[in-house]
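A.B. asks: Provided below are the primary sequence and the corresponding predicted coordinates.
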Amino acid sequence: MLAGKLRKLVASLPEKPRMVVILHFQEDLDAAEIASVLNMPVSTVRSHLQRALVMLREKAARTLGDLKS
């Protein structure tokens with residue numbers, strides 16, 4: 001249930017940040033490995049990851065509400 005909602009939230013991200021999140025959390029790649037796979041600078045990978053996490057937190061807060069209840 002929660003896993004499905006989280007998958008939908010990740011799927012709602014723009015393409016590049018979504019790919020970075022999936023490669024980092026699902027495939028367990030570090031920033032340098034992701035940069036190599038996606039042919040982009042490591043700093044760009046880190047920026048995409050940071051922004052994606054902010055977006056996911058905001059979307060989760062709106063969509064899922066308080067996860068503790």
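C.D. replies: Noted; the coordinates are in hand. Residues are numbered from 1 along each chain as shown.
A.B. asks: which stretches of this structure form strands?
C.D. replies: Using DSSP state E, no strands are assigned anywhere in the chain.
A.B. asks: wait, what's in contact with the spatially most central residue of it?
C.D. replies: Centroid check for the chain by Cα atoms, centre = their mean gives V21 as the closest residue, at 3.2 Å. Shown in contact with V21 (Cβ atoms under 8 Å, 6 or more residues apart in numbering): V10, L13, L49, A52, L53, L56. All C-beta spots, glycine's among them, are computed from the backbone N, C-alpha and C.
A.B. asks: of all the residues in stretch 31-48, which ones are buried?
C.D. replies: Using 16 or more other Cβ atoms under 10 Å as the burial criterion, the residues of stretch 31-48 that qualify are A31, I34, A35, L38, M40, V45, H48.
A.B. asks: which of these lies closest to G65?
C.D. replies: The nearest member of the buried residues of stretch 31-48 to G65, counting by Cβ to Cβ, is H48 at 26.6 Å.
A.B. asks: residues in contact with that closest one?
C.D. replies: Applying Cβ under 8 Å, 6+ apart, the residues near H48 are K16, P17, V20.
A.B. asks: touching, the first one and N39? I think so.
C.D. replies: Meaning K16. No. Contact between K16 and N39 fails when scored by Cβ atoms under 8 Å: they sit 11.3 Å apart.
A.B. asks: quick one: L56 from K5, how far?
C.D. replies: 11 Å (Cβ to Cβ, to the nearest Å).
A.B. asks: of the two, who's got more company?
C.D. replies: Each of L56 and K5 has its neighbours counted (other Cβ atoms under 10 Å); L56 has more, 17 against 13.
A.B. asks: tally of neighbours for the nearest residue to the more buried one once chain neighbours are set aside?
C.D. replies: Nearest non-adjacent residue to L56, counting by Cβ to Cβ, 6 or more residues apart in numbering: L9, 5.7 Å away. Using other Cβ under 10 Å, L9 has 19 neighbouring residues.
A.B. asks: do you know the pLDDT at L9?
C.D. replies: Looking at L9, its pLDDT reads 92.
A.B. asks: over to K5?
C.D. replies: For K5, pLDDT reads 85.
A.B. asks: on that earlier part again, show me what contacts the residue nearest to L56?
C.D. replies: Shown in contact with L9 (Cβ under 8 Å, 6+ apart): L56, K59, A60, T63.
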